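Colleague: below is the sequence, then the predicted model.
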Amino acid sequence: MAQNFQVDLRGMIDLLSEHLYEGPQVFLRELMQNGVDAIRARALLEPKHVGALQLEVSRVDGVPTITFFDNGVGLTQPEIHEFLSTIARSSKRGRQEFIGQFGIGLLACFVVSERIEVLTRSARSEDAEPLQWLGQSSGEYAIGVVNERLEVGARVQLQAKAGREEFFEFENVVAWCAHFGALLPYPVEVRRLEDGRVVENIVVNAEGAPWRREFSSHNAKRQAMLDFGRRTLEVDGLDAFELRSEAGDVQGVAVVLPFTPGLEARGRHRAYLKNMLLSDACDNLVPSWAFFVKCVLNADGLRPNAARNAFYEDAALLEARDRIGDGLRAYLIGLAERDPNALRRIIDLHYLSIKALAGEDDEFLKLFAPWLPFETSLGTMTLPEIQERSRAVRFVSDRSLFRQVAPIAAASGQAIIHAIYAYDEAVLQGYARLHPDVPLERLDADTVAGELGEVGADVLAQTADLRRVANEVLLSFQCEARLSSFAPSELVALYLPRGGTFMRDLRRTKEQVKGLWSDVLGDLETPLPIGVADAELHLNWRNPLVGRLAHLSDQSVLKRVIGMLYVQALLLGHHPLRLEEMRLLNEGLIEMIGWGLPQTAVALN
């Protein structure tokens with residue numbers, strides 16, 4: 001007698017297809033998952049039982065068909081009513097040895113098929129009857145006894161519904177079964193049948209997981225893990241090593257990447273739950289700083305989230321993540337001791353990842369500080385190389401300021417660190433803690449201005465008019481003209497914002513927006529009293545042009561040149577120009593080009 005599911009089945013199918021599962025192909029994962037759990041349940045009754053899964057791809061009455069077999073525990077009639085016909089009931093809930101926890105897995109088959117036929121015989125009784133459960137996507141199901149000899153276990157048959165035929169093609173079934181079940185401990189065989197004969201068969205998990213195998217040497221194990229990474233992740237790693245965590249019962253392989261990953265790819269690893277693929281982009285099991293590796297990890301003691309695409313955030317996951325971090329840290333420390341050249345190659349590619357770890361672990365920093373590269377005004381250098389030039393470690397954490405300071409520091413042989421990443425500053429602060437005798441100094445615009453060379457009173461006297469005119473030009477830009485002496489002499493002018501670039505950036509953004517947002521930004525702006533500047537333009541007395549400007553009598557020309565030097569200093573510091581500054585540049589270029597043109601003009605018709 002036909003009965004109905006206790007739910008709006010079509011609505012549930014739409015939910016599974018469009019929202020909960022990543023694609024129709026997950027019906028294969030759910031079939032394998034149910035089969036594996038059934039085998040594990042049978043092993044509780046028969047400890048020596050050897051499990052196996054099989055899928056047959058064929059055509060029945062011309063319709064693409066998949067028949068799935070498992071030799072698991074099977075189902076009794078009461079279990080069929082309870083677990084197949086009631087949505088969200090699961091025989092596996094609360095049993096940690098089973099993969100399935102949600103009781104809706106079999107319904108994924110309705111995404112690709114209008115009906116599901118299950119034939120099963122239970123291992124719980126020697127005289128158990130063979131049973132049939134037939135479910136329709138319309139919401140009806142029927143249960144009955146079949147007059148057919150069945151082995152203990154279950155057989156599920158699906159026929160492709162219109163538009164889903166590609167999910168029943170042999171090559172696709174093989175690829176997806178391997179994708180989801182490559183680590184399953186029981187053989188998963190996919191067969192292709194023609195006219196009832198097997199014409200092709202593949203065991204998709206024949207290779208298995210390398211961490212479960214024994215090897216004759218460390219090199220043999222390393223090579224097997226590199227091969228596994230190449231096969232599984234399509235990455236030719238620099239190195240590969242095993243990771244384990246008793247917390248969460250996690251095992252797996254970490255592959256050292258031969259390239260620096262992009263931001264969008266960092267922190268995404270392949271994760272399995274009880275040997276079934278959970279996610280290709282799991283981001284919560286491996287520490288976020290470990291973007292020098294790509295991991296394949298299986299967890300037997302963690303829980304999945306409802307969408308089954310990540311692990312559930314709980315204390316067990318936090319502990320497992322910490323232990324995975326310990327394993328990664330131990331690998332790097334061991335590499336420093338046994339193969340420094342290999343470590344150097346890794347640091348050259350992944351120094352940001354190493355810095356991220358060193359910034360939060362002083363013991364790790366103590367070991368790795370001599371290796372870590374920093375961008376400086378003299379090029380890439382390590383901390384020991386920097387200290388060969390100066391006892392103090394000096395750094396700038398503002399990109400624009402570094403661009404201004406770098407040529408000045410380089411001219412005097414100073415190595416100023418460009419610490420624009422959060423990791424850089426954390427490493428430098430940690431280094432200072434470990435070496436109290438090493439002064440650590442953050443440079444800002446005021447510090448830099450204070451270190452520029454002063455000029456004598458006689459120079460100030462002869463440049464009084466120059467400075468007065470320069471201040472008249474710069475007044476509307478909240479900038480004050482100063483006269484200094486510094487190397488390199490090729491640098492005519494240096495722009496230094498007082499107290500950082502926030503107010504300048506705010507004013508520029510305010511010019512580009514209208515209405516409400518302009519008002520909001522205006523509320524953030526701190527008005528300056530008339531005549532008070534928040535930046536300085538330092539004219540370099542060592543540059544001959546400044547001396548010539550001091551003796552220039554044509555003030556209109558002087559004002560134009562000062563304006564152009566101001567804009568040039570902004571551009572050298574990579575400061576985006578405000579509207580008035582852009583206008584100053586355009587007018588200045590046009591006028592200065594005109595100076596070089598002949599006075600006679602030719603009219604163009």
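Modeller: That came in fine, so what should we check first?
Colleague: tell me how many other residues surround Gly573.
Modeller: Neighbour count of Gly573, defined by other CB atoms under 10 Å: 20. (Each C-beta comes from the backbone N, C-alpha and C, glycine too.)
Colleague: which residues touch it?
Modeller: Taking CB atoms under 8 Å, 6 or more residues apart in numbering, we find Gly573 in contact with Ser400, Leu401, Arg403, Gln404, Tyr495.
Colleague: what about the spatially closest residue to the last one that is not a sequence neighbour, helix or strand, and which?
Modeller: Right, the one you point to is Tyr495. Excluding the flanking residues, the one nearest Tyr495 by CB to CB, 6 or more residues apart in numbering is Ala569, at 3.8 Å. According to DSSP states H and E, Ala569 maps onto helix 555-572.
Colleague: run the chain-centre distance for that helix.
Modeller: Relative to the centre of its chain, helix 555-572 is centred 44 Å away, using CA atoms, centre = their mean, to the nearest Å.
Colleague: and the next helix-or-strand element following that helix, what does it pack onto?
Modeller: Remark: after helix 555-572, the chain's next helix or strand is helix 579-596, criterion DSSP H and E. Packing contacts for helix 579-596, counted by 3 or more CB pairs under 8 Å, 6 or more residues apart in numbering; DSSP states H and E, involve helix 555-572.
Colleague: now the helix it packs on and helix 579-596, what's the angle there?
Modeller: 120 degrees (axes from the mean of the first three to the mean of the last three CA atoms, to 10 degrees).
Colleague: what comes into contact with stretch 536-549?
Modeller: Stretch 536-549 has contacts (CB under 8 Å, 6+ apart) with 445, 449, 452, 455, 459, 463, 466, 470, 474, 479-487, 489-496, 498, 558, 561-562, 565-566, 569.
Colleague: may I see the buried residues of that stretch?
Modeller: Residues Glu536, Leu537, His538, Leu539, Asn540, Trp541, Arg542, Asn543, Val546, Leu549 are the ones in stretch 536-549 that count as buried (16 or more other CB atoms under 10 Å).
Colleague: give me the subset of the residues you listed lying in helices.
Modeller: Those of the buried residues of stretch 536-549 mapping onto helices are Val546, Leu549, per DSSP state H.
Colleague: ok, the buried residues of stretch 536-549 vs Asn298, which is closest?
Modeller: Proximity of those to Asn298 (CB to CB) peaks at Glu536, which lies at 60.5 Å.
Colleague: and that closest one, what pLDDT?
Modeller: Confidence at Glu536, expressed as pLDDT, is 91.
Colleague: again, but for the one 5 residues further on
Modeller: At Trp541, the pLDDT value in this model is 95.
Colleague: cool, and Leu528?
Modeller: 48.
Colleague: can you list the weak-confidence ranges in the stretch 401-550 of the chain?
Modeller: For the stretch 401-550 of the chain, the stretches with pLDDT under 70 are 499-532.
Colleague: show me where it has its helices.
Modeller: In the stretch 401-550 of the chain, the segments counted as helices under DSSP state H, counting those that start in this stretch are 422-434, 445-451, 457-462, 464-474, 502-512, 515-524, 544-550.
Colleague: just give the nearest non-adjacent residue to the most centrally placed residue in the chain, would you?
Modeller: When CA atoms, centre = their mean is applied to the chain, the residue found nearest the centroid is Arg266 (2.4 Å). For Arg266, ignoring the flanking residues on the chain, the nearest one in space by CB to CB, 6+ apart is Phe291 at 3.9 Å.
Colleague: who's in contact with the one you found?
Modeller: The contact partners of Phe291, by CB under 8 Å, 6+ apart, come to Pro261, Arg266, Gly267, His350, Leu352, Ser353.
Colleague: then Phe170?
Modeller: By CB under 8 Å, 6+ apart, the contact list for Phe170 reads Val57, Val190, Arg192, Glu200.
Colleague: would you format the contacts of Gly573 as CSV with distance to Gly252 and neighbour count included?
Modeller: Formatted as CSV, the contacts of Gly573 follow (distance: CB to CB, whole Å; neighbours: other CB atoms under 10 Å):
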residue, distance to Gly252, neighbour count
Ser400, 44, 22
Leu401, 44, 23
Arg403, 44, 15
Gln404, 48, 25
Tyr495, 52, 24
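Colleague: among these, which ones are in strands?
Modeller: Counting by DSSP state E, these place Tyr495 in strands.
Colleague: you'd agree the residue nearest to Arg266 is in a strand?
Modeller: No - secondary structure of Phe291 (DSSP: H, G, I helix; E, B strand; the rest coil): coil, not part of a strand.
Colleague: re the thing from before, pretty sure the residue nearest to Tyr495 sits against Pro497.
Modeller: No - contact criterion CB atoms under 8 Å: Ala569 and Pro497 do not qualify, at 11.0 Å.
Colleague: which one's more surrounded, those two?
Modeller: Neighbours per residue, other CB under 10 Å: of Ala569 and Pro497, the larger number sits with Pro497, 25 against 22.
Colleague: beta-bridge partners for that one, please?
Modeller: Applying DSSP bridges to Pro497 gives these bridge partners: Ala535.
Colleague: contacts for stretch 365-377 next, please.
Modeller: By CB under 8 Å, 6+ apart, stretch 365-377 touches 332-333, 336, 343-344, 347-348, 351, 354-355, 358-359, 380-384, 386, 402, 405-407, 409-410, 414-419, 424, 427, 430-431, 434.
Colleague: just the buried ones from those residues, in ChimeraX syntax?
Modeller: Restricted to buried positions by 16+ other CB under 10 Å, the ChimeraX selection for the contacts of stretch 365-377 reads:
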select :332,336,343,347,351,354,355,358,359,381,382,383,386,402,405,406,407,409,410,414,415,416,417,418,419,424,427,430,431
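Colleague: tell me the contacts of Leu53?
Modeller: If you count contacts by CB under 8 Å, 6+ apart, Leu53 has them with 32, 35-36, 39, 68-70, 181, 184, 186-189.
Colleague: in the stretch 201-350 of the chain, where is pLDDT below threshold?
Modeller: The model of the stretch 201-350 of the chain has pLDDT under 70 over residues 263-265.
Colleague: now do the strands in it.
Modeller: 239-245, 250-256, 269-273, 276-282, 293-299 (DSSP state E, counting those that start in this stretch).
Colleague: what's the closest of the ones you listed to Pro130?
Modeller: Set against Pro130 and scored by CB to CB, these come closest in strand 276-282, at 27.8 Å.
Colleague: what helices or strands is the closest one leaning on?
Modeller: By 3+ CB pairs under 8 Å, 6+ apart, strand 276-282 packs against helix 26-45, helix 170-181, strand 269-273.
Colleague: redo the ones you listed as CSV? Include distance to Ser138.
Modeller: Shown next, in CSV, are the helices and strands packed on strand 276-282 (distance: least, CB to CB, whole Å):
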stretch, distance to Ser138
helix 26-45, 18
helix 170-181, 26
strand 269-273, 33
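Colleague: Ile116: which of these is closest?
Modeller: helix 26-45 (9.7 Å).
Colleague: following the closest one, which helix or strand shows up next?
Modeller: The helix or strand immediately downstream of helix 26-45 is strand 53-60, counting by DSSP H and E.
Colleague: mind listing what's buried in that next one?
Modeller: Here strand 53-60 shows Leu53, Gln54, Leu55, Glu56, Val57, Ser58 as buried, counting by 16+ other CB under 10 Å.
Colleague: tell me the one among the contacts of Gly573 nearest to Asp236.
Modeller: Relative to Asp236, the closest of those is Arg403; by CB to CB it sits at 37.4 Å.
Colleague: filter the contacts of Leu53 down to the buried ones.
Modeller: Buried among those (16+ other CB under 10 Å): Met32, Gly35, Val36, Ile39, Phe68, Phe69, Asp70, Gly181, Leu184, Tyr186, Val188, Glu189.
Colleague: just to revisit the earlier point, among the buried residues of stretch 536-549, name the ones in strands.
Modeller: Judged by DSSP E, the buried residues of stretch 536-549 include Glu536, Leu537, His538, Leu539, Asn540 as members of strands.
Colleague: so which of those is the closest to Ser245?
Modeller: So of these, ranked by how close each gets to Ser245 (CB to CB), first place is Glu536, at 55.5 Å.
Colleague: now the closest one: how far from Ala481?
Modeller: Distance of Glu536 to Ala481, given as CB to CB, to the nearest Å: 8 Å.
Colleague: that's all I had, so thanks and see you.
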